[in-house]
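In: compute the structure for the input listed below.
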Amino acid sequence: MKIKSEFFQRSAVEVARDLLGRYLVRKFPEGRAIVKIVETEAYLGIEDPASHSYRGRITSRNKVMYREGGVFYVYKIYGMYYCLNVVTNLERIPEAVFIRSGEPVSGIELMRKRREVKEVRKLCNGPGRLTQALGIDLNFYGRKVTGKELYFLPGEKVKREEIVSTLRVNIDYAGEAKNFPLRFYIRDNIFVSRK
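Out: The predicted model follows:
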């Protein structure tokens, strides 16, 4: 059964932890690909200098963050890679969880076809690789997490002691916020983007 929108209507920190082990499902015309989420980052909205919504900023790119939790926030970086986020919390509390990497569960050949790599470990072990493997682009911006083409399943339960909390990646511009331990990953999982 799909994870409902209500799951995401909590703080980004809670959701970022609780998404570990969940399955992200992408339905293609030729089949289904499933990835276990193994790494996330929480972004805390207007109080978080690393967040796109810091100080209440609203742009054409980030406006979806102000919706009620349970929709996808997709954006492009470096002019070539897409990043997948899920909006969390309540309406007008612009928090989100960035999905950094995943472990392929099924549909591996579908992912290989899109990534053009053979090594399973390199299919989804980074945000751009994940979106490329799953064919995620701006067409998913603002879509509900309960849609037909991209959604979450309960997946596997991850114990608290298996979760590592550390600093987020590539946010040196964010002042003191670069030291917030808001990146979460499954300990010893080889599909995490970086240790």
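
In: CA only for contacts and neighbour counts going forward, please
Out: Will do.

In: what are the ranges of the helices in this structure?
Out: 12-18, 108-115, 127-133 (DSSP state H).

In: now the residue nearest the centre of the chain, which residues is it bridged with?
Out: With distances taken as Cα atoms, centre = their mean, residue 99 lies nearest the centre of the chain, 1.9 Å away. For residue 99, the beta-bridge partners are residue 40 (DSSP bridges).

In: doesn't residue 42 make contact with it?
Out: No - Residue 99 is beyond contact range of residue 42, at 9.1 Å (criterion: Cα atoms under 8 Å).

In: excluding chain neighbours, what is closest to residue 110?
Out: Using Cα to Cα, 6 or more residues apart in numbering and skipping residues adjacent in sequence, the residue nearest residue 110 is residue 33, 6.8 Å away.

In: tell me the pLDDT at the one you found?
Out: The model reports residue 33 with a pLDDT of 98.

In: if I pick it, what's in contact with it?
Out: Applying Cα atoms under 8 Å, 6 or more residues apart in numbering to residue 33 gives the contacts 25, 26, 27, 104, 105, 106, 107, 108, 110, 111, 134.

In: re the thing from before, format the helices of the chain as TSV; extra columns: mean neighbour count, distance to residue 168 and mean pLDDT.
Out: Shown next, in TSV, are those (neighbours: other Cα atoms under 10 Å; distance: least, Cα to Cα, whole Å; pLDDT from 0 to 100):
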stretch	mean neighbour count	distance to residue 168	mean pLDDT
helix 12-18	22	12	98
helix 108-115	18	25	96
helix 127-133	23	13	98
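
In: and those helices as JSON lines, adding distance to residue 5?
Out: Converted to JSON lines, those look like this (distance: least, Cα to Cα, whole Å):
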{"stretch": "helix 12-18", "distance to residue 5": "11"}
{"stretch": "helix 108-115", "distance to residue 5": "26"}
{"stretch": "helix 127-133", "distance to residue 5": "21"}
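
In: residue 179: which of those is closest?
Out: Of all those, helix 12-18 sits nearest to residue 179, with 14.9 Å by Cα to Cα.

In: now that closest one - C-alpha only, CSV.
Out: Only the C-alpha atoms of helix 12-18 are listed here, as CSV (Å, rounded to 0.1, in the frame of the first residue of the first chain):
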residue,chain,number,x,y,z
ALA,A,12,11.5,17.5,7.8
VAL,A,13,13.8,16.0,10.4
GLU,A,14,11.3,13.3,11.3
VAL,A,15,10.4,12.5,7.7
ALA,A,16,14.1,12.5,6.6
ARG,A,17,14.8,9.8,9.3
ASP,A,18,11.6,7.9,8.6
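
In: gap between it and the chain center?
Out: The chain centre lies 11 Å from the centre of helix 12-18; the measure is Cα atoms, centre = their mean, to the nearest Å.

In: cool, stretch 140-156 as well?
Out: 11 Å.

In: all strands of this protein, in order?
Out: Remark: strands assigned in the chain by DSSP state E are 23-28, 31-43, 72-77, 81-88, 95-106, 150-153, 163-166, 183-186.
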